[in-house]
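1. Okay, here's the prediction I keep looking at, along with the sequence it came from:
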Amino acid sequence: MFGNNDYIRFDWAIKRILRDKANFDVLEGLMTVLIGRRVVIMEILESEGNQDSREDKYNRVDVKARMDNGELVIVEVQLASETSFLQRILFGTSKAVVEQASIGRGYEDIKKVYSINVLYFNFGNGNDYAYHGQTVFRGMNDKESCLTFNDREQKFVDNSMHYAVASENVLPEYFLLRVNQFNEVAKTPIEEWMAYLKSGFIRDDTSTPGLQEARVKLNYMRMSKEEKNAYEDYIVSVHAAKDVYQTARNEGRAEGIAEGIAAGRAEERLANARSLMEHGVPMNVIMDSLHLLPAEVEKLTNESKL
């Protein structure tokens, strides 16, 4: 089923492998390519996605990391469409900012937050596969000029690296990687990362940060028998869920599962979840795909016992 040059899917690795300190360098490579400077992860912080059992809690954040300069990075993988996706990533960054503030600490201690989102569904309209957004203050009259900041307003000292870093501002930055839209020949670091995210392909001679390490640490053949079994079960479940989604869309049932997810209505989410359960899709995959609330999971669990 898998060979020597097959690499573990990123969406599985980020939940199980990449939180290990020994494997930080894979995530550091992706962050380095996107942010444009060398990134070193100091620690993985507690987040909603850090549960050992994904049935314990509604999954929001896959990884929340603190970098060596104190800044935070949130990395999320989204497999299915969600109508409130932009609001959700706004909530994630806002929560990361608010959590930094505590009694006795000033606003000057708040560090920048980066939000990296790997999307395996069609989102927005545009020709590019990767987008970067940051809040800027644009002139209301001339419509062109942007407000800039002097050294006192924008400079802070990075104690870990012992030099001053001038940042345009401390407001969050967002990266949207639209995996399905990538159809290029990988020539640049970001293109190589997109190729891996889409197809699991990594060049043997790659020098792209993170992918060199991924060739060793995310190689299927290096996993234990238990890890291989868990990974193969996950792949089967993902493909099964996609087949059910497509069948529902083709049959036009209840506007299709994808439309039900986009509508975000609780009853439709439950109906879709029941359908997936009937097709044998595991509850953890259903939770990740439909973003079920804890109360909805409890309701479905109780129904299954009847």
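-> Sure thing, it's come through.
2. Just name the shakiest helix or strand of the chain by mean pLDDT.
-> strand 163-166 (a mean of 37; mean pLDDT, DSSP states H and E).
3. Quickly list the domain ranges of this structure.
-> 10-135+171-222, 225-305 (automatic domain parsing).
4. all helices for the stretch 201-306 of the chain, in order.
-> Using DSSP state H, counting those that start in this stretch, the helices found in the stretch 201-306 of the chain span residues 211-217, 225-251, 257-263, 266-278, 283-290, 294-305.
5. Worst mean pLDDT among the ones you listed?
-> For these, the weakest mean pLDDT is recorded on helix 257-263, namely a mean of 47.
6. what about Glu173, how many neighbours?
-> By other CB atoms under 10 Å, the residues close to Glu173 number 20. Bear in mind the C-beta positions are built from the backbone N, C-alpha and C, glycine included.
7. Against Leu218, how distant is the residue lying closest to it once chain neighbours are set aside?
-> Setting aside the residues directly before and after it, Glu173 is nearest to Gln134 in space (CB to CB, 6 or more residues apart in numbering), at 4.6 Å. To Leu218, Gln134 is 30 Å away according to CB to CB, to the nearest Å.
8. Between these two, which has more neighbouring residues?
-> For Gln134 versus Leu218, neighbours defined as other CB under 10 Å are more numerous around Leu218 (24 against 13).
9. I figured the more buried one hits Asp25, correct?
-> No. Using CB atoms under 8 Å as the test, Leu218 is too far from Asp25 to be in contact (11.4 Å).
10. Helix or strand for the spatially most central residue of the chain, just tell me which one.
-> Central residue of the chain (CA atoms, centre = their mean): Glu76, 1.5 Å from the mean position. Assigned by DSSP states H and E, Glu76 falls within strand 72-78.
11. Any idea how far that strand is from the middle of the chain?
-> Distance, stretch centre to chain centre, for strand 72-78: 4 Å (CA atoms, centre = their mean, to the nearest Å).
12. partners of it, with directions?
-> strand 63-67 (antiparallel), strand 113-119 (parallel) (DSSP bridges).
13. and the following helix or strand past the longest one, which strands flank it?
-> Once the chain leaves strand 113-119, the next helix or strand it forms, by DSSP H and E, is strand 130-134. Here strand 130-134 is paired, per DSSP bridges, with strand 173-178 (antiparallel).
14. quick one, what contacts the spatially closest residue to Ser81 that is not a sequence neighbour?
-> Spatially, and ignoring its direct neighbours in sequence, Ser81 is nearest to Phe121 (4.6 Å; CB to CB, 6+ apart). By CB atoms under 8 Å, 6 or more residues apart in numbering, the contact list for Phe121 reads Gln78, Leu79, Ala80, Ser81, Asn180.
15. No further questions, thank you.
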